[in-house]
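**Student:** the following comprises the amino acid sequence and a computationally predicted model.
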Amino acid sequence: MHHNSANILKRGSLGTRAQQEQRLGWSLVFPSVVIILVLILYPVLYNTFLSLFAFDVSGNRTFVGLGNYAEVLRDREFRLALGTTLLYVVCTTLGTTVLGVVVALALHRKFPLRSLVRSIVLLPYVAPVISVVFAWQFVFDPVNGIFMEIFHSQLGWFSQRMNIVGDPSTAVWAAIVFSIWKNFPFTYLMVLSRLQAIDQTLYEAAEVDGASPWQQFKAITMPEIYFVVNALILLRVIWNFNKFDEVYLLSSNVKVLSVYTYLKAFTGTMDFGQGSTLAVLQFVLLIGFILFYVKKVLKW
């Protein structure tokens, strides 16, 4: 009898401990849940609510249902902005990924002053965006810029001087090159940290078996960095799809969706309804891509 009572008390204490751990877990998670609800979920829901209304200049709103969505989808400028965004995201994501991996592989090898070079490579990423944007605008200046001085005056690649960041047809490529230069160090740093964690005995065994450097890269390096690279691609797509500051500061002529949404909602007619609609469409497109990528590529 005494033994059974002890077991009951023991189970009771264990149950109490489990409940205490559950309460502790919820108490630790609760602040994050509140932050997510306040800073993310609420703005998304409120923005979706605003997208159902049309606003006049004085700020009065009229319920139009899905009228804003129909009007935005028929808008030629929206389709152009979507195309520009896809071009920007694809090129910048591929550029930062490829360049970051190549630089990481190069700086993973031992050579004199390697630590110094590794630090210097990080400078574009840590430099204030406003300062480097102004520097790049000076580089592309049609009159005094280094770019035109070299490619027009010296090499003769251009028949006349042109404003690279001022022309919408070329500004997007300037923004792509700038983004690759500014953000590839993050990919480089993440890939390099993974490369340093690979067991070097794998490469030694491969060399003994007569594997070439390319075979070692395919059989050892690529599988080891596969998840890191694909996770970085996902993050870069999310960041670049929502990129505003770098693009707008470099040139407002690059009308990616984030810039187009800002111009639609806060300049000109200040159409908050269509601005909210554009933001909702961006959110839906991005969520759809994330779900597809996570399931098909990362296989979570």
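**Tutor:** Received the coordinates, thanks.

**Student:** middle-most residue in the protein, spatially?
**Tutor:** Residue closest to the mean C-alpha point of the chain, counted by C-alpha atoms, centre = their mean, is Trp239 at 2.0 Å.

**Student:** would you quantify the distance from that one to Glu246?
**Tutor:** Spatial separation of Trp239 from Glu246 under the definition C-beta to C-beta, to the nearest Å is 10 Å. C-beta here means a position set from N, CA and C on the backbone, and glycine is covered the same way.

**Student:** what's the helix or strand for Phe138?
**Tutor:** If you go by DSSP states H and E, Phe138 is part of helix 129-139.

**Student:** swap in Pro142?
**Tutor:** Using DSSP H and E, no helix or strand contains Pro142.

**Student:** how many neighbours does it have?
**Tutor:** By the criterion of other C-beta atoms under 10 Å, Pro142 has 17 neighbours.

**Student:** and the pLDDT for it?
**Tutor:** At Pro142, the predicted lDDT confidence score is 79.

**Student:** repeat that for His108.
**Tutor:** Note for His108: predicted pLDDT of 90.

**Student:** how about it, what does it touch?
**Tutor:** With contacts defined as C-beta atoms under 8 Å, 6 or more residues apart in numbering, His108 is in contact with 192, 195-196.

**Student:** check Leu278 too.
**Tutor:** Contacts here follow C-beta under 8 Å, 6+ apart; on that basis Leu278 touches 72, 78, 257, 260-261, 264-265.

**Student:** from those, which two are the most distant?
**Tutor:** Of all pairs drawn from the contacts of Leu278, the one with the longest distance (C-beta to C-beta) is Phe78 and Ala265, at 13.2 Å.

**Student:** and the contacts of Leu278, which is the shakiest by pLDDT?
**Tutor:** Going through the contacts of Leu278 one by one, the lowest pLDDT turns up at Ala265, 84.

**Student:** residue contacts, that one?
**Tutor:** 271-272, 274-276, 278.

**Student:** buried among the contacts of Leu278? Need that as a selection in ChimeraX.
**Tutor:** A single ChimeraX command selects the buried members of the contacts of Leu278 (16 or more other C-beta atoms under 10 Å):
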select :72,78,257,260,261,264,265
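
**Student:** filter the contacts of Leu278 down to the ones in helices?
**Tutor:** When helices are assigned by DSSP state H, the members of the contacts of Leu278 inside them are 72, 78, 257, 260-261, 264-265.

**Student:** dump the contacts of His108 into CSV; add secondary structure, neighbour count and distance to Ser115 as well.
**Tutor:** What follows is those, written out as CSV (DSSP: H, G, I helix; E, B strand; the rest coil; neighbours: other C-beta atoms under 10 Å; distance: C-beta to C-beta, whole Å):
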residue, secondary structure, neighbour count, distance to Ser115
Leu192, helix, 22, 12
Leu195, helix, 18, 15
Gln196, coil, 10, 13
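
**Student:** closest one to Ser252 out of those residues, please.
**Tutor:** The closest of the contacts of His108 to Ser252 turns out to be Leu192 (C-beta to C-beta; 35.3 Å).

**Student:** doesn't Ala104 make contact with that closest one?
**Tutor:** Yes. Contact status for Leu192 versus Ala104: in contact at 4.2 Å, counting by C-beta atoms under 8 Å.

**Student:** where does the residue nearest to the centre of the chain land on pLDDT?
**Tutor:** Confidence per residue is given as pLDDT, and for Trp239 that number is 92.

**Student:** how far away is the closest residue to it other than its chain neighbours from Gly65?
**Tutor:** With sequence-adjacent residues excluded and distances taken as C-beta to C-beta, 6 or more residues apart in numbering, Trp239 is closest to Asn183, at 7.9 Å. Going from Asn183 to Gly65 by C-beta to C-beta gives 40 Å.

**Student:** between the two, who's got more neighbours?
**Tutor:** Remark: of Asn183 and Gly65, Asn183 carries more neighbours, 23 against 10, as counted by other C-beta under 10 Å.
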